[in-house]
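Asker: got a structure for you, letters missing:
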């Protein structure tokens, strides 16, 4: 599962998911955590292949290297919090790329007005 909230809500998502999904690890992905995950893997393996729940800020996820990796893995569920923020071109490109690559099985867009 992949959760894409604004950066300010990442900690809250991680905490709530950790309590609700105690049998699955919840990874709050920062640039440093991503580098550590990549360094720990054999060459050619994807850090996204691990079983778990990933919480990544929309701004980090839209960066080219992360966006490419996110679009190369099948996601059972992608949750986008504050989905109205996807109107920005780079953020929209991230989700559009994932949908076009047919890697999103279920998509949940959340927003408040």
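Answerer: In hand now; what should we look at? Fair warning: this is a prediction, and the values are worked out from it, not measured in the lab.
Asker: what's residue 99 in contact with, if anything?
Answerer: residue 107 (CB atoms under 8 Å, 6 or more residues apart in numbering). C-beta here means a position set from N, CA and C on the backbone, and glycine is covered the same way.
Asker: That one: helix or strand, and which one exactly?
Answerer: Following DSSP states H and E, one finds residue 99 within helix 89-100.
Asker: quick one: buried residues of the next helix or strand along the chain from that helix?
Answerer: For helix 89-100, the following helix or strand on the C-terminal side (DSSP H and E) is strand 104-109. Going by neighbour count (16 or more other CB atoms under 10 Å), the buried part of strand 104-109 is residue 104.
Asker: residue ranges of the helices in this protein, please?
Answerer: 10-20, 31-40, 58-61, 64-70, 89-100 (DSSP state H).
Asker: related to what we said a few turns ago, for the helix holding residue 99, which positions count as buried?
Answerer: 91, 94-95, 98.
Asker: quick one: it to chain centroid distance?
Answerer: Centroid displacement of helix 89-100 relative to its chain, using CA atoms, centre = their mean, to the nearest Å, is 12 Å.
Asker: ok, now stretch 11-19?
Answerer: 14 Å.
Asker: And the contacts of it?
Answerer: Everything outside stretch 11-19 that qualifies as a contact, by CB under 8 Å, 6+ apart, is 3, 5, 26, 28, 53, 55, 81.
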